[in-house]
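J.: based on what follows, work out the 3D shape:
(chains A and B)
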2 protein chains.
Amino acid sequence: MLSTMQDVPLTVTRILVHGTQVHGRSTVTTWTGEDEPRRQTFRETGLRAVQLAHALRDDLRVDRGDRVATLMWNNAEHLEAYLAIPSMGAVLHTLNLRLPADQLTFIVNHAADRVILVDGSLLPLLAPLLPQLEPVEHLVVVGPGDLSLLDGCRPAVHAYEDLLAGRPRHYDWPELDEREAAAMCYTSGTTGDPKGVVYSHRSVYLHSLQVNTAESMGMTSHDTTLPVVPMFHVNAWGLPHAAFMTGINMLMPDRFLQPGPLAEMIESQRPTHAAAVPTIWQGLLAELTAKPRDVSSLQHVTIGGSACPPSLMKAFDEQLGVTLRHAWGMTETSPLGTVAHPPAGVDAEEEWAYRITQGRFPASVEARLIGPDGSVMPWDGSSAGELEVRGPWIAAAYYGGAGEEPLRPEDKFSPDGWLRTGDVGVISDDGYLTLTDRAKDVIKSGGEWISSVDLENHLMAHPDVTEAAVVAVPDERWGERPLATVVLRDDATADYAALRAFLESRVARWQVPERWALVAAVPKTSVGKFDKKVIRKSYAAGELDVTDLHTERP
Amino acid sequence: MLSTMQDVPLTVTRILVHGTQVHGRSTVTTWTGEDEPRRQTFRETGLRAVQLAHALRDDLRVDRGDRVATLMWNNAEHLEAYLAIPSMGAVLHTLNLRLPADQLTFIVNHAADRVILVDGSLLPLLAPLLPQLEPVEHLVVVGPGDLSLLDGCRPAVHAYEDLLAGRPRHYDWPELDEREAAAMCYTSGTTGDPKGVVYSHRSVYLHSLQVNTAESMGMTSHDTTLPVVPMFHVNAWGLPHAAFMTGINMLMPDRFLQPGPLAEMIESQRPTHAAAVPTIWQGLLAELTAKPRDVSSLQHVTIGGSACPPSLMKAFDEQLGVTLRHAWGMTETSPLGTVAHPPAGVDAEEEWAYRITQGRFPASVEARLIGPDGSVMPWDGSSAGELEVRGPWIAAAYYGGAGEEPLRPEDKFSPDGWLRTGDVGVISDDGYLTLTDRAKDVIKSGGEWISSVDLENHLMAHPDVTEAAVVAVPDERWGERPLATVVLRDDATADYAALRAFLESRVARWQVPERWALVAAVPKTSVGKFDKKVIRKSYAAGELDVTDLHTERP
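T.: Here you go, the predicted structure:
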């Protein structure tokens, strides 16, 4: 039996029109690094988005489904692009300006971007790549920049404000199917080429509704949000569209992401909400410790991107009275996966135990843990498995390229269509997720899993150990076994046997490594994480001085 | 270009599974009128919903699309029905126990309900109708009741708890299309037969998300909500499904809707949220004035169903420190249409001006005002028109009956598919709706509209007038003109000319009525509203003593 409800699609167009009409008085403030930030209303933002759509369609001949890229900081113009491009039926493709040149080049060509909107300040980054960016026909330069860098370049060059000037302030938006592409973002995978996730109007709309629920970020038109998290990656965690839906004022940091300017804009503009990765908050804490500023306006701060050290959360609580709220997500999950609001009715200590988890899933994110034998694990707080998720804003595939089939690599999507997150963890019986390892770092030993992170944490708790990295190495009998690589203090007295005994008192005996290697330092990636790929390669190449304490069955 | 997002339907099933798993520790408390209320967890509620679904499918042979009706108060079992019936693919049909017997009979037969779940306390109401309820095959009696009333009745009779006992606690829920029917509710129209609105899984899901946004009702698992608004009408404003989605604890008043028990349950159970029509709050205020109780737990109280007198809102503010929040909606709008959160940055007086409006629309409710000439009116706070709305939880038609086409009466749906609300009002440039008249009560005079409510309010401000009702009467020259019927105080000295002069100083001259009639009392409907239909009939039948002051062109 069918319902008698209207069949109205969920679209970014509706968010644009709604924010312009109903929340027209809300404001977007863009930091300029000078005395006065730039400020414009949602109404003006919406009308300028209309003008941008006219310019793109009428002058630049952007068609339905065409990709229009942005290489921009968080600012009012980027918000205009966020609204205009999907609403006209084109696809907003945000380019991550932190990526290496070869990856950026690959991404623009793979997406076949016809237009790039670029902040003038980012021309030095883009200009050298232009000869390789064949699909690009138009560059639209936002704000001041060194235009001489574009002398003789193939794409036509336009100034953003010139392009908008005098355009109509009304647009007959096309009727869109909610499953059409609205936006796309490439993951910066550590292996292989970057892969594109294509968000639909439906997924953006539903995600925005969820962000605005009180149990997620709880935004209202009485608040101001500071998205430090970049709009060039995973849609700034969905904040721009969610903000235009609910009328929360926006404070845009533009390129001023250093602790000093951030402290200054928080003190002077008094945002109530903010979102950023842990390193930003770490930097801000150091800044505020050195030079106190009033950040007491912050009530709802979301922290994600990587696990936040509990010490940082406690420092914000105790020194600044600001609650950092843990969240988990990834490019493939739009990204909102979990938020760690503690449950009701727990004491202060229990509350901390919940706050350092990844948090709870909203109704639209269905979750399961797949254990070592491929079966679904119970939610008991101790049975570990790889997290798989399903829902209307979760990826089913990656973009295959124009005219190509979507990509569904087996290691990323289960046969029944769930996303394999690559994260291993446990879920408590009240639905809180705790992630422990990346799946590729888990040691699969005789049908059981050993957490490398768990062993590392225990080892690093030993007074003689400064760093420890544990990786899986092949083992004839057990499939895989852990190899512990350890950096000892200069004055260390412990030997392998002592470390092994130390571990035996802390974890199940079968989890304790037999193979040990002393190293001068643990190799690290460009963002400072342990680079376990390098350790495994060194081991395979026989470059490590390994001691095998294997004298009995593990 | 298509997205690469998963195609996951929005269903009540997801809400059921989510609430059971992730918010399993939240509670449903049902008032019993005795010392101890009944309390059960969401986990238990969800598992009992599974058992109910088994009973309905395996024993009562309920199929996909079958209508299963409820004639129940707000209690835990009703919540179980709310979750089980849509999830199994059947249609939850809530019966309004306040309707007259002939309308209830019509509704059950028109919907062709195969099963009715009925509270034992409501058997005296249902039993006499049974001989006329031909489609009904099964009665499921919830809680204690006088079963002898059902002696010899045709439908099979089951006790709810017996039916659930021993059933499996797992169910392989069917894969549903989100546009399938989830629930239905008939409007109690003042003219013609009641008409059924059929909600889809999609509309219920989206509506629940909206209810949970901070800008609407802002519910979280740290709160407790008291839905006084009945689950037998318009899904208790969407609260049951929204609650199971977000884990807010529920306090169910069952049949104890009198001011005394309500005050007692608020004081003892300390809900933070509540929702009810103005008369409930009026009664509660009188009760609390007579016998003070602590209701300070209430933070977020939604008031709707009819316009709330500002004096009542102020009394709650000042005497009890409780904020009543105006909302507007109707059966055809699921019902959330607007909520009157005042905007940021206004002073206390302006705040009141906003709070007494109907409020602002969420993004999913698109609104327009259609003026007297059929054109769309601007949002300027003064151009009046009939409110039309569009969105994914707004009705496109009424249920036509089994195998029949949906009904799309012209006076309820525009040719391009918008719902005609029948309400006339204005919208401010910041998106706040103020309703003034029902469209049928507006006087269409020479291509302009005259608000009958506006004239009534002005007349009733005259010291000699105790009541005044204004209706449209036919006029040869202007199409319609206002007729003022007035009840004067016993010691009144004003005559028609004086009243007319009084109005002329307050409204545009062309709006002032020529036709006047003194009456002993304004006829009223059963709920105490002016019954303008009766006045118009009396006028047409020449039963009123009308004085025509018409001496010149209006």
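
J.: CA atoms for contacts and neighbours, from now on please.
T.: OK.

J.: quick one, what contacts residue A:383?
T.: Residue A:383 is in contact with A:371, A:377, A:426-427, counting by C-alpha atoms under 8 Å, 6 or more residues apart in numbering or on different chains.

J.: just flag the most distant two among those residues.
T.: Across these, the longest distance by C-alpha to C-alpha is 12.3 Å; it joins A:371 and A:427.

J.: of the two, who's got more company?
T.: For residue A:371 versus residue A:427, neighbours defined as other C-alpha atoms under 10 Å in any protein chain shown are more numerous around residue A:427 (28 against 20).

J.: tell me, how many residues neighbour the nearest residue to that one once chain neighbours are set aside?
T.: Spatially, and ignoring its direct neighbours in sequence, residue A:427 is nearest to residue A:433 (4.4 Å; C-alpha to C-alpha, 6 or more residues apart in numbering or on different chains). Residue A:433 sits with 28 neighbouring residues when counted by other C-alpha under 10 Å.

J.: residue A:433 touches residue A:358, doesn't it?
T.: Yes: contact status for residue A:433 versus residue A:358: in contact at 5.3 Å, counting by C-alpha atoms under 8 Å.

J.: between those two, which contacts overlap?
T.: residue A:338.

J.: who in the stretch 201-350 of chain A is up against chain B?
T.: Contact residues, the stretch 201-350 of chain A versus chain B (C-alpha under 8 Å from any C-alpha of the partner chain): A:203, A:209-210, A:212-215, A:218-222, A:245-246, A:343-344.

J.: same question for stretch A:125-141: list its buried residues.
T.: Using 16 or more other C-alpha atoms under 10 Å in any protein chain shown as the test for burial, stretch A:125-141 gives A:126, A:130, A:133, A:136, A:138-141.

J.: same question for stretch A:426-440.
T.: A:426-439.

J.: what sits against residue A:196?
T.: Contacts for residue A:196 (C-alpha under 8 Å, 6+ apart) come out as A:184-187, A:398-400.

J.: ok, then the element right after the helix or strand hosting it?
T.: Applying DSSP states H and E as the criterion places residue A:196 in strand A:195-200. Sequence-wise, the next helix or strand downstream of strand A:195-200 (DSSP H and E) is helix A:201-211.

J.: give me the sheet partners of the very next helix or strand once past that following helix and which way each runs.
T.: Downstream of helix A:201-211, the next assigned helix or strand under DSSP H and E is strand A:224-227. Here strand A:224-227 has these sheet partners by DSSP bridges: strand A:249-252 (parallel), strand A:273-276 (parallel).

J.: any idea what the residue nearest to residue A:427 is bridged to?
T.: Beta-bridge pairing of residue A:433 under DSSP bridges involves residue A:359, residue A:427.

J.: from residue A:17, how far out is residue A:243?
T.: Using C-alpha to C-alpha, to the nearest Å, we find residue A:243 at a distance of 13 Å from residue A:17.

J.: who's more crowded, those two?
T.: Counted by other C-alpha under 10 Å, residue A:243 and residue A:17 do not tie: residue A:243 has more neighbours, with 28 against 23.

J.: three-state assignment of the more buried one?
T.: Put simply, residue A:243 is helix when judged by DSSP: H, G, I helix; E, B strand; the rest coil.

J.: domains of chain A?
T.: A:1-205, A:365-441, A:442-548 (automatic domain parsing).

J.: identify the farthest-apart pair in the buried residues of stretch A:125-141.
T.: That would be A:133 and A:141, which, of the buried residues of stretch A:125-141, are the farthest apart (C-alpha to C-alpha) at 16.3 Å.

J.: correct me if wrong, but residue A:289 is in a strand.
T.: No: counting by three-state DSSP, residue A:289 is not part of a strand but helix.

J.: contact partners for it?
T.: Contact analysis of residue A:289 by C-alpha under 8 Å, 6+ apart lists nothing.

J.: give me that answer again for 10 Å
T.: A:283, A:319-320 (C-alpha atoms under 10 Å, 6 or more residues apart in numbering or on different chains).

J.: ok, those vs chain B, which is closest?
T.: When the contacts of residue A:289 are ranked by distance to chain B (C-alpha to the nearest C-alpha), residue A:320 comes first, at 24.1 Å.

J.: below-threshold pLDDT in chain A: ranges please.
T.: Applying pLDDT under 70 to chain A picks out residues A:189-191, A:526-527, A:551-554.

J.: any of the contacts of residue A:196 buried? List them.
T.: Taking 16+ other C-alpha under 10 Å as the criterion, what is buried in those is A:184-187, A:398-400.

J.: just checking, which of those belong to strands?
T.: Counted as lying in strands by DSSP state E, out of the buried ones among the contacts of residue A:196, are A:184-187.

J.: intersect those with the contacts of chain B.
T.: With C-alpha under 10 Å from any C-alpha of the partner chain as the criterion, those include residue A:184 near chain B.

J.: between the ones in strands among the buried ones among the contacts of residue A:196, which is closest to residue B:521?
T.: Nearest to residue B:521 among those is residue A:184, at 66.6 Å by C-alpha to C-alpha.

J.: excluding chain neighbours, what is closest to that closest one?
T.: Nearest residue to residue A:184 in three dimensions, chain neighbours excluded: residue A:198, at 4.3 Å (C-alpha to C-alpha, 6+ apart).
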